Structure formats: C-alpha cells, structure tokens
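Asker: sequence and predicted structure, then a few things I'm wondering about:
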Amino acid sequence: MPLTIALLCVPALLGTSLLALVVRRSPQGYRAVYGISLAVSLLGLFAALSQLLAGAEPSHTVLPLGLPWLGAHLRIDALAAWFLLIANLGGAAASLFALGYGAHEPAPQRVLPFYPAFLAGMTLVVLADDAFTFLLSWECMSLASWALVMAHHRERDNRHAGYVYLVMASFGTLTLLLAFGLLAGAQGGYAFETIRAAPPAPLFASLVLILALLGAGSKAGLVPLHVWLPLAHPAAPSHVSALMSGVMTKVAIYGFVRIVFDLAGAPAWWWSMLVLALAGVTTVMGVLYALMQSDLKRLLAYSTVENVGIVYLGLGLALAFKAQGMAWAAALAMTAALLHGLNHCVFKSLLFFGAGAVLHAAGERDMERLGGLIHRMPQTAFAFLVGCVAISALPPLNGFVSEWLTFQAVLLSPELQSWGLKLLVPGAGALLALSAALAAACFVRAFGVTFLGRARSPAAERAHETDRFSRAAMFACAAICLVVGILPGLFIDALAPAVAQLVGDRMPVQTVAGWQTIVPIVEGRSSYNGLLVFVFMTAAASLTAYAIHRVASDRVRRGPAWDCGFPDPSPATQYSATSFAQPIRRVFGTVVFRARERVEMPPPGSPAPARLSVSLQDLVWDGLYAPVAAGVGRAADRLNHLQFLTIRRYLSLVFVALVALLLVLAIWP
Amino acid sequence: MDKFSFDVAHMLAGSLVLVSFVQLYQDRIYALLNVFALHAFVLALSVAWQAYVHDAPHLYVTALIALGFKAVVIPVVLHRIVQRLGIHREIETVVGIGPTMLAGMGLVALSMVVMLRATPEADPLAREDLAFALSVVLLGLLLMVTRRNAVSQVVGFMSLENGLMLAAAGAKGMPLVVEISVAFSILIAFIVIGIFLFRIRERFDTVDVRALDRFRGERG
C-alpha cells in the first residue's frame, strides 16, 4: 500500500510539470504548481511514515515500463522509506516556502516545469529496484536540477556553474553505470534482487565500491569531487537550493548506501579506510571553505559539503565495524549517519529558506553588504538562528544528537581488531571534532554578520519581513529541528529496521528508557536526554532573565550606545565577514588555501590610502581540475583539423580503422 | 557436399577476388566500367552456383538481380554518364598502381588470416566464401580510397556491395527479403550518387572531387 501511494506521487508530479507548462506565464500559476507539489509531497511523506512506523515488510512490484526484458522493478523497504521520508519532507517544506517565495521569481517559466519533475526524479531514485530504473531516474533528477540551476542563465556565473555541474553529473552517472555493470556481471542481471542473490567477486566488489564512491560522492559533494556543488547550489532559486542541498545530496548518499551496503556483498577490510579518509578531509575542507566565503548561499553550500562528510564518516565507521563483525557497533554508526541525513535536510533547508528571504528582502547575498536584519526581519532572524544552532551541533537541537551518536561510534574504535583502523578512526574523529568547532564559528559568523550589528548597505536598511508562507516553512523546519532534538529516541527506533537490514543488527530500543533518554550501547557507558537538557536550558534561561530584570533593574535606562571600539557611526567600522574569518584564515588558510595577505603602504607624503589585499588559492581546482581541463583543451585543438579533411581522407580514415581492427583481430592470441 | 561443387564455388569466389584486382589495375574509366560489369557477372555466377549446390531456388533471384542490375544496367548507365560528362580520358589514381596492388595483396592475406581463425568450426564452403567476401569488400574500399574521380568511387562502392552479396549468399540462412532489400538499397544508392554526380558537374564543371575540396577552401 505505501508503495502504491508513493508510486502515484510520481505521475502526479510529472502531471504537475505538464500543468506548469500551461500556466507558466500566468501570474498566479506558481501557486497551483507549488500547491499541488506540496500536497503530493505530503502524500509521499504519509506513505514513507506508514511504511516506517508500521514496520511493514518490504513490498515489491514490476511495472511493464523501461527495458522490455527487464521491466521497471520498484520496491519500498525500510531504507527506501527513510530516504523517501527525507525527500518528501524536504520537498514539502520547499513547496510551502515557494508558495510565498515563488511570487518573486523573475522567470517562472524556467522554474515551474522543472520543479515537480525534480521532485519526481528524486522520489523514483529511492523507489527503484533495478539498475536501469535507478539510473534513468537518477539522470532525470540531474537534468531537472541542471535546468533549475540554469533558470537565471543570463548571469555569466550561473552558466559556468551549469556547465561544471553538467560535466560532473555526467562523470558521476558514468561511474555509476560502470558500477552497476560490474554488479550485474556477465549475465546482465540488472534487477537488484538478482544482484543481491549473487554478489560480485571480491575484486569486482572493490571496484564497485570505488566507482560508487566516485559516482555517488560526486553528486553528494565529497572533496575533491565537490567543485560543482558550491557553484550550482547557490545559482538556483533559493527553494531549489534548499532541495539540492537538503535532499539531492541525501539521495546521492542513498545511492551509495544501497550499492555498498546492500548490493556489493561483504565489505573488505580496507574499504572503510578509503571512505573514512575521504570523509575526514571532506568535513574539514568543507567547513574551511565555508568560513572563507562572504556569499551567504555559497557559505551554506560549502557547509553542505561538510555535513555530507559527517554522514560519510558515519558510513565509513559502519563499514569498518561491519567488516570486523561488530554488527552492534555498525548499527550505531549507521543510525548516526542516517539520522544526520534527516537532520541536515531539515536545518539546511531552513537556512537556505532564510538566505532566500534575506536575498529577496535586501536583494543581496553578499554578507559584507548585509547586517542589522534582526530589526527588520525578526521572525526570519529567529528561525535562521534556530537553524544555525542546530547545524552547529548545539544541544538541545537535532544536529547535536546525530553528531553525538557519530562520536559515540568513533569512541568504540579501540575495540576494532585492525591496527590501521585503530589509528585512523581517532584521527577521523579528531577531524570531525575540529570541523564541529569550526562549523560553530562559521555559523556565528553567518548569523552575526547578516543579522546583527548595523546595516552595511542602504538595501539592507530597507529590508522587510518576508511573507507568511515562507515564515511558515521556516518555522515548521525549526519545529522539526526541536522535535528531533528532544525526542530522538522515536526516530532512532523508526530507523532500526533500515539499519538492521544493512548491517545485520540494530541499536537497543530507545523508547523503553523513559524520559526520552537515548542510550547508544548500555546505560553505564553514555546516555543523553534531549528533553531534560531542553527543559533545563529553558528554565535556567528564563530564571536568569527574570532575575536580571527583577534584581538588577526593572527600569528602562537610556545612555550612550556601547561605543568601545564603536566611536564612528559609519557601519564600515563594524566587524566584517572577512575580518571575522581572519584568525581562522591565518591559522588554517595559509596551508590549505595558500592564503596570502599583502599590505600596500603609500610612500611617505602620499595621500593614497593603504591597502590590505588577501589572495586565496583553491588547490583542489588548480591541482586536479585545471590540468584536466587544459589537457582536454589541448587535445581538442589538436583534433580540430579533423573537421576539415577531404572526402577521400575521411574514407581513408574509415578504411585504415577497419584494417587496424582486423589486424588486431588477426594478431590477438 | 561433393568435392567438385566445392571446388567450383571456390574457383568462382576466387575469380571475384581476381577481378577485384583487375579493377584496381585499371586507370581508364571505360576499362574500369567494363571490369566492373565482369565483376558483377562473376558474382552472379557464384551466387547461382550456391543456389544450385544448396538447392535454394530463391538465390537464383539474387543472381538474376545481380546479373540484371549490376552487370548490365548500372555499367550501361555509367557509360552514358561518362559519355555525357566527357571524362573518359581521365587518369586519376592517387597512389601508383604498384603500391596499390601490393596493398591489395596484403588485404587479402589479412582477411584470410582473420576469417580462417575466427570461424574454425563453420562449414568449409561458408568459411572460404566469407574470407573471399571480406577480401572483395576490402579491395572495394581500397578502390574508393585510391581514386579521385567520383565515378570510380561509385564503382568502388558497388564492388564493395558485391562482396557483401557474396557473403550473404554464402551464409545459408539469409532470407530473400534481406537480399532484395540489399539490392534495392544499392539501386537507391546508385540513383542518389548518379544525381549527385550531375549536380557536382553542374556546379564545378568536373567530377574530380578535388574541386569540392577547393570549394570548401581546404587542402587536397
């Protein structure tokens, strides 16, 4: 039954795409499109929840579509239901936000038809149960999101982003295609059922892991395959950015989990080391990049890279424990990873909604030209603050729960058998801790510079609060952040069947502990109670506020504004986004980004101003992508003259190629 | 199959390769057209012998098509085209005759090696046939590559098709529909190429394809 409902969502969304083609130019058309998308996403959410909460058996169906000898295999199990939940939750939130935000879209005809198709693609990826359907819907998802990235194609940066995205998406799909080819084997059994029944040989399985890491990792944004992500995600309209960051990266992670944990058979011991190393680098690099940005949406996109790293860290730990036969520990790591997927979807959507509201209100994404928005948009500021607290992994919100669980899994590393992992896992844990601290700094900076202080530009001074649909979407996300934070046991228990299906064991049942305490392993070792923390923090904060107002003074006082370091009324004297990041840039950036600061002092007597300029270098781009791009360019130049041969030479080329192939055939042993 | 019929089939297919060599040797267009007619005639004989040996009457139809169209109609029409274009004196090879013949011999050796190795368990007649057919195809391609004149490129293309016919006749299971469609496609190709020849000639006053290259502004 849940499968039928979820499957009905797909044609409904595609039909909405067609409807969008009709109403794309009418001024109220966006309401119909986003309204239907919202309704269908809620329906999908209901399907996912009913599958998860009922703990239903996996159901399976084959539709006579696609390849004639294969058909379209579709299946919903606990894992698919969990990611269906994420996809439809993100889709519903984005649609609700867009009900208000869509009114400001300058080119709705380029957004409306692709938006439901994008949702449909993501839903179908999660439900696919054969390689053909999976790759087809994966490509639908990629292409629809590419079209959305190119919605504002008149801007040069967006065209560049679209180009890089298209190249990277093709690369990712190619590797996934090869991975499925290896999984299917010589018999060509492309249904997942067939693959599960006959897992590939160890060598092929290892190749599949590497290919899946490249393919799904490039879509999810693992360093060094992340380059397209911070370009493409901010280029799209904000509700689509939220979907791409919050949901599409999760769908990519779903692809990785499905291939590696479900289809590729038993993991080899070194798989986890590869995943852990990449994940550790990704977390730290992602947050360091984010700290260097002054564009609010790009900052959020880089923070997505960091969070994808955290999820992959959990997955790497789960692989390590699974390979060593510690299923109970693998269950903990897997739960942490999957839960963080949901959490990131919620708070990253919230933050992108906030950034979209700011972008519309002030017409500006550059934090250096924002500031003081808390006075102009108090509700947006509050919701954005909740998102910042959640993503900084502070209790009692949801980010803390999943990162804490990940750390609990890291702390189990002494019980691993392999020495390599014993050394590597604490290292990765240290990187995770570093990135958590840096993420907190990053979001203090993001919130502080954008919403606090004074406006840095006239546009920011004239900003206004956003519409009620957008606010509703943001507050709904904020509420989910709080609910997951204080009642994590419910979600951990809902995840248990998915985890058990992947690693063969589950975490202890949480809801029996009472008072919503979560216990990862045994009570004597560690436990966390989000509800108690929340109650305590609320009570303590209220009491303190009451005490201060009561005991200190209850009269309103007027005095000079705090002018220590603020003698000049110009907003340019405030801390800027760049100056806030300076200590971190000096400590880490000198190595990671080759950050160089140059001071140009005018000669004595000259009235010219002194200048401080900072240069950053993206080593990943310069070291990995620029040489490849240059090589392709050179090869294309060399091959260019092939365009201008005579007919006879073309015939000769065909002839020579044929003879060469025949020669190979003749000489081949 | 008795030894005699095998030997005859072998001889006919071999003579087709031989006639291909004779084609390669020609540097006058009329001579080339005459040799092409002979080529098609030998093909028709060969297909008819296959029909007789395998007792497959539909192959007689193929042989008739080959005889009628390729040995009579197409050479006659090409003759008239050459006459109307006034290009019967042209000598137009790119590479010298000697190297071309040597290359042709190399190609025949290559196709023998490939085919004999690729089909060890096939019926010996089909095996030999396929090897010869591949040689004819390759020699036809060689003819196309080494000529500058569009008419002789058409002849090269047609003799390449002859090689395909030989292969098709050798493979016993080939249904009549396929053969007729092959014959038909050749006819269409012939018409299209003929029309093109006149169009080229109208534009450039020559059917030397170098004129096309000059027109496109490139090196010949």
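Answerer: That came in fine, so what should we check first?
Asker: list the contacts of the spatially most central residue of chain B.
Answerer: Nearest residue to the geometric centre of chain B (Cα atoms, centre = their mean): residue B:159, 0.7 Å. When contacts are counted by Cβ atoms under 8 Å, 6 or more residues apart in numbering or on different chains, residue B:159 touches B:20, B:23, B:36, B:39, B:136, B:139-140, B:143. All C-beta spots, glycine's among them, are computed from the backbone N, C-alpha and C.
Asker: burial of residue 166, as a residue count?
Answerer: No chain was given, so I picked chain A. Look at residue A:166: counted by other Cβ atoms under 10 Å in any protein chain shown, it has 17 neighbours.
Asker: actually, chain B is the one I wanted.
Answerer: 27.
Asker: which residues touch the nearest residue to residue A:496 once chain neighbours are set aside?
Answerer: Leaving aside its sequence neighbours, residue A:496 sits nearest to residue A:506 (Cβ to Cβ, 6 or more residues apart in numbering or on different chains; 4.1 Å). Counting by Cβ under 8 Å, 6+ apart, residue A:506 makes contact with A:331, A:496-497, A:499-500.
Asker: what residues does the stretch 1-150 of chain A have near chain B?
Answerer: Within the stretch 1-150 of chain A, no position is near chain B by Cβ under 8 Å from any Cβ of the partner chain.
Asker: point out where chain B drops to low pLDDT.
Answerer: B:1, B:89-92, B:125, B:171-188, B:190-192, B:194-207, B:209, B:212-213, B:215-220 (pLDDT under 70).
Asker: all helices for it, in order.
Answerer: B:3-25, B:29-54, B:57-65, B:74-85, B:97-118, B:124-146, B:150-170, B:176-204, B:210-216 (DSSP state H).
Asker: backbone torsions only: list them for the one residue in the stretch 51-200 of chain A that gets nearest to chain B.
Answerer: Residue nearest to chain B within the stretch 51-200 of chain A (Cβ to the nearest Cβ): residue A:186, separated by 21.0 Å. Backbone geometry at residue A:186, expressed as degrees, to the nearest 10, gives phi -70, psi -20.
Asker: roughly how far does it sit from residue A:208?
Answerer: From residue A:186 across to residue A:208, the span is 15 Å (Cβ to Cβ, to the nearest Å).
Asker: next one: residue B:6
Answerer: 52 Å.
Asker: ok, these two, which is more surrounded?
Answerer: Taking other Cβ under 10 Å, residue B:6 and residue A:208 do not tie; residue A:208 has more neighbours (25 against 14).
Asker: next helix or strand past the one helix or strand the more buried one maps to?
Answerer: Taking DSSP states H and E as the definition, one finds residue A:208 inside helix A:202-220. Per DSSP H and E, the first helix or strand lying C-terminal to helix A:202-220 is helix A:229-235.
Asker: the helices of chain B: which one's closest to residue A:517?
Answerer: helix B:97-118 (72.5 Å; Cβ to Cβ).
Asker: quick check: angle from that closest one to helix B:124-146?
Answerer: Relative orientation of helix B:97-118 and helix B:124-146, computed by axes from the mean of the first three to the mean of the last three Cα atoms, to 10 degrees: 150 degrees.
Asker: next, the buried residues of helix B:97-118.
Answerer: Using 16 or more other Cβ atoms under 10 Å in any protein chain shown as the burial criterion, the residues of helix B:97-118 that qualify are B:100, B:103-104, B:107-108, B:110-115.
Asker: returning to that earlier point: mind checking how far the residue nearest to the centre of chain B is from chain A?
Answerer: Going from residue B:159 to chain A by Cβ to the nearest Cβ, to the nearest Å gives 14 Å.
Asker: how near is residue A:33 to chain B?
Answerer: On the measure of Cβ to the nearest Cβ, residue A:33 and chain B end up 50 Å apart.
Asker: so who does that residue touch?
Answerer: Per Cβ under 8 Å, 6+ apart, neighbours of residue A:33: A:16, A:19-20, A:23, A:102, A:112, A:115-116.
Asker: of the residues you listed, which is the most crowded?
Answerer: residue A:115 leads the contacts of residue A:33 on contacts (other Cβ under 10 Å) with 32 neighbours.
Asker: what strand or helix carries it?
Answerer: helix A:114-127.
Asker: which other helices and strands does the helix or strand just after that helix contact?
Answerer: Going down the chain from helix A:114-127, the next helix or strand is helix A:131-149, by DSSP H and E. Judged by 3 or more Cβ pairs under 8 Å, 6 or more residues apart in numbering or on different chains; DSSP states H and E, the packing partners of helix A:131-149 are strand A:72-76, helix A:114-127, helix A:156-184, helix A:229-235, helix A:238-243, helix A:249-257.
Asker: now do the contacts for residue 128.
Answerer: By default, I'm working from chain A. So residue A:128 contacts A:72-74, A:134, A:137 (Cβ under 8 Å, 6+ apart).
Asker: sorry, I should have been clearer: chain B.
Answerer: By Cβ under 8 Å, 6+ apart, the neighbours of residue B:128 are B:9-10, B:13.
Asker: drop anything exposed from the residues you listed.
Answerer: B:9-10, B:13.
Asker: filter those by proximity to chain A?
Answerer: Within those, nothing lies near chain A by Cβ under 8 Å from any Cβ.
Asker: nearest to residue B:166 among the residues you listed?
Answerer: After measuring the buried ones among the contacts of residue B:128 against residue B:166 - Cβ to Cβ - the closest member comes out as residue B:13, at 6.4 Å.
Asker: pretty sure that closest one sits against residue B:129.
Answerer: Yes: assessed by Cβ atoms under 8 Å, residue B:13 is found in contact with residue B:129 at 5.7 Å.
Asker: against which helices or strands is the helix holding residue A:208 packed?
Answerer: helix A:156-184, helix A:249-257, helix A:271-292, helix A:296-323.
Asker: please redo it, this time with the cut-off set to 7 Å
Answerer: Using 3 or more Cβ pairs under 7 Å, 6 or more residues apart in numbering or on different chains; DSSP states H and E, the elements in contact with helix A:202-220 are helix A:156-184, helix A:249-257, helix A:271-292.
Asker: gap between that helix and the chain center?
Answerer: 19 Å (Cα atoms, centre = their mean, to the nearest Å).
Asker: and for stretch A:603-620?
Answerer: The answer for stretch A:603-620 is 35 Å, by Cα atoms, centre = their mean.
Asker: one step back: for the contacts of residue A:128, work out which two are farthest apart.
Answerer: So, the contacts of residue A:128 by Cβ to Cβ: farthest apart are A:73 and A:137, at 12.1 Å.
Asker: output the lowest mean pLDDT helix or strand found in chain A.
Answerer: None of the helices or strands of chain A scores lower by mean pLDDT, DSSP states H and E than strand A:517-518, at a mean of 80.
Asker: pairing partners for the following helix or strand past it, with directions?
Answerer: Using DSSP H and E, the helix or strand that follows strand A:517-518 in sequence is strand A:528-529. According to DSSP bridges, strand A:528-529 forms sheet pairs with strand A:517-518 (antiparallel).
Asker: give me the contacts around the partner strand.
Answerer: A:488-489, A:492, A:510, A:527-529 (Cβ atoms under 7 Å, 6 or more residues apart in numbering or on different chains).
Asker: which of those has the weakest pLDDT?
Answerer: pLDDT across the contacts of strand A:517-518 is lowest for residue A:510, at 80.
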